[in-house]
Structure formats: C-alpha cells, structure tokens
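Enquirer: Predicted model, plus sequence, below.
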Amino acid sequence: MMVTFVSQCEKKSLNKTRRVLDSFANRIGSRTWQTVITLEGLKAVKKLLRKTASKNTAVSCHWLRSRSRSELVWIVGNRNKFNHEGYVPVNKTRKTIMNTQWEDDWHYLPLIKSLIALAGLFHDWGKASELFQEKLQPKSENKYKGDPLRHEWISALFLNAYVGDDKADEQWLTRLASGDISADELKLQVTQKHKKLEHKNKPLSQLPSVASLLVWLIVSHHRLPLRDEYRGSPAKDFKPLFKEITQEWGYENKYDDFDENLKRCFDYPKGLPCESKKWLSYAKSSAKKMLGCLDLLKKAMDDGSWRLILHHSRLALMLADHNHSSKDADVKWKDELGLYANTDRTTESLKQTLDEHLLGVAKQAVRNVHLLPAFESRKTELQRAYDVKALKKKSPTKFLWQDIAVAQVDKWRSQQEKKHDVSQFGFFAVNMASTGKGKTFANAKIMRALSPDRESLRYILALGLRTLTLQTG
C-alpha cells in the first residue's frame, strides 16, 4: 500500500518524528514522507510514533487508494492539528479555553473533590491485614474464602479510631493536615475497640459531619449497607440512619474458621498505609483543602444537598477504584511497606502496592469529579473516538441488516437537516433481536451515523449483567 505521512509536530517532537519516519519512508518535503509499505510495517510506524509522542506530536497517515482518492488511516498525537479527514486547517477561529461556562456554577465541586480525595486515601486500609495479604498469594488456601469482616468495614474502623473522641471536624483534620497520625496507636485502638464492642460496633454513630460522610463512602464503595427493615426507606437525615449501621448489615462472612481468621483481620505485621511518605504527603494536602470546605459542608447540610454530594462522590470513587485496579502496577513506584492491594487476573501474581493503589484511586477520583460539570453542558467538547475502521466497513453477509438500518437513519437525518436544526432533536429506536444477531455492533454504527460529523463516535452504554458487559466490550 502507498501511504503519505504528514507531520505538524512542534519543538523537540519534530526531530523525534523525523528520525522515526526517515527510517521507513522517503522525505518528499520538510514535513511530508511517502513510501510503499505493508500493513505490518504501518503498525510498526504507528507504535514507534506513539512511543515517543508528547503534547507537541501530530502526525497523520493517508492511504493513497487511487489516483484521485486518499483515505485517512490514523492520527498520532494532537488531533486538533488536522480536521476529521486529516487535512491541515488554514484558517482559525476563537474558542473558549477557560471552561468557566461549566466550572463556575458547581458551587459544591471543591467539597466533593476534598471528600473524594480523603475517601480514596482510606478506602482500602483493611487490606493491610495479615489475612488479606495472605489471600493475595498465588497458592493461598483462603484465596476464594470471604473475609470474616470485609476490608471496607475494617477501613471504616480505622478512620473511626483516628477521629476518636473529637467532636468537631476541625480537630482531626488539623491533626491530619500536620501529619500527626500514628500507625501503632491506630492498630491498638482498632483492635481494642472491636474486642470490646464486637457486633455492636457502630463506627458511624458518633462521628462529626465530614468523618460521617467519609466513613459512608468507605463502607459503600463496593456494596451498600442494607437491612430488610430499611429497604426503600428515604434518608431524610443521615444521622439517624448512620447510628444504626453495624457489620451485620452485609459486612461479615461466617464460616468454619470464622473465629480464627477474625483475629488475623486485626493483625498488621507490615504496618499501615500512613507509614508511606507519599500517602502521608497527599493526606496532609487533602486535609488542608477539606478544612477550607467546612463552610460549604454546613451549607449542604442545611439545604439537603448532602445527599447529591454523596451520590456524586460515591460514583466517582467506585469508577476510580475499578479503573485504577484494572491498570498494571507502576514500575517506578518505590514500595515502602511490602503491602499489596490486588493481583493480576491472568497470572495471579501480586500487582499494585497498597499505598500506590490508595493514591492512584484518590487522584483518579478527583479527576473524575472535576469533569462532572462538563457532562451537563451541550457546548463542552468531550473526547470522541475517530478512525474506527470496523464501523466504516460493510457488515458481513449475515449482518447486512446493520448497513440497511444505518442507511435508513442517514436518510432520515438528511431529510431532517433540510427542515430543521437536527442538534435540537433526539432519536428514539428499539433494536430487538435474539442473541448473536449483531445488535451491539449495529448500535455503534447507528450512533456513529447520528454523530455531528458522521465520522466520530461517542455514546454512553448502560450495561446490565457482567456477562453482557464483557460481550459488549
């Protein structure tokens, strides 16, 4: 195949790009290359360009299909240097880059960010136990046994112990902001309190407001605490509900070795995450930010906004937890504790260290929250997928109905564009067929046909069962 490469790189990226492309193609201009290359060779070029890419990289590849027609194959780097067909723009227009249209009207955004940062830092402390660390080992006999107490419940016990008898959030937040936190003291308090109270332990009952919200986020980041008598009851005020929650609300697993393994849940031979310098540094800065949001929290308590704040916070925390857990371990991370958070699903080997996981989830959750206001603005330019070759190709004979459906949608849209501004309209369709008939792929093709430029792809999937989620992926 005959291809042309066009570089719109800047600064140091231009020389890096030239070194790669000069190895595969003939330079026919200061920023243009051309060559005959195989598909495997083209993949190698793209891989090398992506490996050296930075924010100043912008390279497009065009396939010369005939004398009169070329096709954009891919773009590596800054897509804004080209249009959707891969051409270089020659005119400019002004564009709002401050994002004030969607950032300034979310008054509780700093509060949500502060809550979610602290919740992320504490959410998996229970994984530091000897029992959980042993379960992570590849040859562990307890690998598939439920913990006597779930790790999120134990994590809540640690935050509860740290707050202690402080009646105001300013007290424990000021201590955390100054780095005043002792692992040995926390281990002692958690162990003693649990032995004394056992099943009557209610870590959410006597806490001040910020601590209560944080403990709620921690215990609910995998499952909601639930009792049948409270099922479906609206929470008008969180204090009465929080005073009732114990480990029996879905956080304990009783089996043959319950008593023996329960002791191991409160054994921490390798220490706690607060002994990590990176964890402590981020905790100090997050506590300082939370101190500045206490007036916002008081306002949220008065006007009832605390429910929506918790909803957004929990959503962001769960998404960050799933997302960061799916990533590989950071090879540059210096382990200080020897504690781990998870394992690789394929090899079952240890993966992310616990302090790396806690910081990664906290920071990812803050990024998630920062983008929440953008979703309500129609003017916000969210990222889209381009050059999805599979959606441009004709469907196999078995699934020809997909292309017919797309053609009908495209025809409808062309008719509407002559009469109206189609951006003001919705599109409702019901796609029904038995399993394996190509509904999911057809939906993606249809959504692409409905996109503003009929080329890019961005849409939201509401997924049900895990099996269906994997199939859709």
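Expert: On my side now, so go ahead. Residues are numbered from 1 along each chain as shown.
Enquirer: Skipping adjacent residues, who's closest to A183 in space?
Expert: Nearest non-adjacent residue to A183, counting by C-beta to C-beta, 6 or more residues apart in numbering: L272, 4.2 Å away. Quick note: C-beta positions are derived from backbone N, CA and C, even for glycine.
Enquirer: need the contact list for the one you found.
Expert: Counting by C-beta atoms under 8 Å, 6 or more residues apart in numbering, L272 makes contact with W125, A128, F158, A183, L186, K187.
Enquirer: in a strand, that's where the last one is, yeah?
Expert: No - in this structure, K187 is helix, not part of a strand, as judged by DSSP: H, G, I helix; E, B strand; the rest coil.
Enquirer: my guess is it meets Y268, correct?
Expert: Yes - counting by C-beta atoms under 8 Å, Y268 is a contact partner of K187 at 5.4 Å.
Enquirer: Tell me where the model's unsure across the stretch 101-250 of the chain.
Expert: Within the stretch 101-250 of the chain, the stretches with pLDDT under 70 are 101-104, 194-201, 229-239.
Enquirer: Would you mind measuring from the residue nearest the centre of the chain to L371?
Expert: Centroid-nearest residue in the chain: A320, 3.6 Å away (criterion: C-alpha atoms, centre = their mean). Separation of A320 from L371 (C-beta to C-beta, to the nearest Å): 12 Å.
Enquirer: now do A316
Expert: 9 Å.
Enquirer: the more surrounded of these two?
Expert: Counted by other C-beta atoms under 10 Å, A316 and L371 do not tie: A316 has more neighbours, with 27 against 12.
Enquirer: Verify the stated contact: I112 with S313.
Expert: Yes - between I112 and S313 there is a contact under C-beta under 8 Å: 5.5 Å.
Enquirer: in this structure, which spans are strands?
Expert: Using DSSP state E, the strands assigned to the chain run over residues 2-7, 26-29, 32-36, 58-64, 70-77.
Enquirer: Please convert these to CSV, extending it with mean neighbour count, mean pLDDT and distance to L14.
Expert: Formatted as CSV, these follow (neighbours: other C-beta atoms under 10 Å; pLDDT from 0 to 100; distance: least, C-beta to C-beta, whole Å):
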stretch, mean neighbour count, mean pLDDT, distance to L14
strand 2-7, 20, 94, 7
strand 26-29, 12, 94, 12
strand 32-36, 16, 95, 13
strand 58-64, 21, 94, 10
strand 70-77, 20, 91, 11
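Enquirer: Could you work out which of those strands reaches nearest to K327?
Expert: When the strands of the chain are compared by C-beta to C-beta, strand 70-77 sits nearest K327, at 21.8 Å.
Enquirer: what sits up against the closest one?
Expert: Contact with strand 70-77 is made by 3-4, 9, 13, 42, 46, 49-50, 53-65, 82, 84-86, 386-387, as judged by C-beta under 8 Å, 6+ apart.
Enquirer: just for the stretch 301-450 of the chain, where's the confidence low?
Expert: 377-381.
Enquirer: how many neighbours does E85 have?
Expert: E85, neighbours per other C-beta under 10 Å, totals 12.
Enquirer: and if you look at M290?
Expert: Neighbour count of M290, defined by other C-beta under 10 Å: 24.
Enquirer: any idea how far P373 is from the residue nearest to A183?
Expert: 35 Å.
Enquirer: What of Q171?
Expert: 32 Å.
Enquirer: close enough to count as contact, T246 and K202?
Expert: Yes - judged on C-beta under 8 Å, T246 makes contact with K202 at a distance of 5.6 Å.
Enquirer: I appreciate the help and will end here.
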